[in-house]
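In: Structural data only, the sequence is not supplied:
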């Protein structure tokens, strides 16, 4: 199923409107009842979603069903980078959030904002 696109019922991704600020990367709409039904049918604890752009230019969202191959799963040193980015370990489990910053005196003064 890794090479088939699995869409998310009730989850819609669109390109930001033309006059949106640069920090807006996508517009997401959720149709609650459809998505709740779809999520209720899932057994996994996590559902990873990729927002993609079709060749036609239309944006869409699909499930990221990537799983490490069995050889890499047995040997994490050979697993390679996580294609989903740095938000999860190579086995797909989520990384914990970083600890909160409590001592702001140690922060650099060269932050550009």
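Out: Noted; the coordinates are in hand. Predicted model only: the values in this text are computed from it and were never measured. Numbering: from 1, shown residues only.
In: show me where the chain has strands.
Out: 11-14, 27-30, 49-53, 59-63 (DSSP state E).
In: Can you check which of these gets nearest to residue 92?
Out: Closest to residue 92 of those, according to Cβ to Cβ: strand 59-63, at 12.6 Å. In this view, the C-beta of every residue, glycine as well, is placed from N, C-alpha and C.
In: Show the average pLDDT along the closest one.
Out: What strand 59-63 shows for mean pLDDT is 93.
In: Contacts made by it with the rest, please.
Out: Strand 59-63 is contacted by residues 5-8, 11-15, 26, 28, 47-54 when judged by Cβ atoms under 8 Å, 6 or more residues apart in numbering.
In: Report the buried members of these.
Out: With burial judged by 16 or more other Cβ atoms under 10 Å, the buried subset of the contacts of strand 59-63 is 8, 11-13, 48, 51.
In: Which pair of the residues you listed spans the longest distance?
Out: 12 and 48 (17.1 Å).
In: and the buried ones among the contacts of strand 59-63 as TSV, adding distance to residue 95 and pLDDT?
Out: Converted to TSV, the buried ones among the contacts of strand 59-63 look like this (distance: Cβ to Cβ, whole Å; pLDDT from 0 to 100):
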residue	distance to residue 95	pLDDT
8	23	94
11	23	95
12	27	95
13	23	94
48	13	93
51	20	94
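In: Output those residues in a markdown table, with distance to residue 36 appended to each entry.
Out: Putting the buried ones among the contacts of strand 59-63 into a markdown table (distance: Cβ to Cβ, whole Å) gives the following:
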| residue | distance to residue 36 |
| --- | --- |
| 8 | 12 |
| 11 | 11 |
| 12 | 15 |
| 13 | 18 |
| 48 | 18 |
| 51 | 20 |
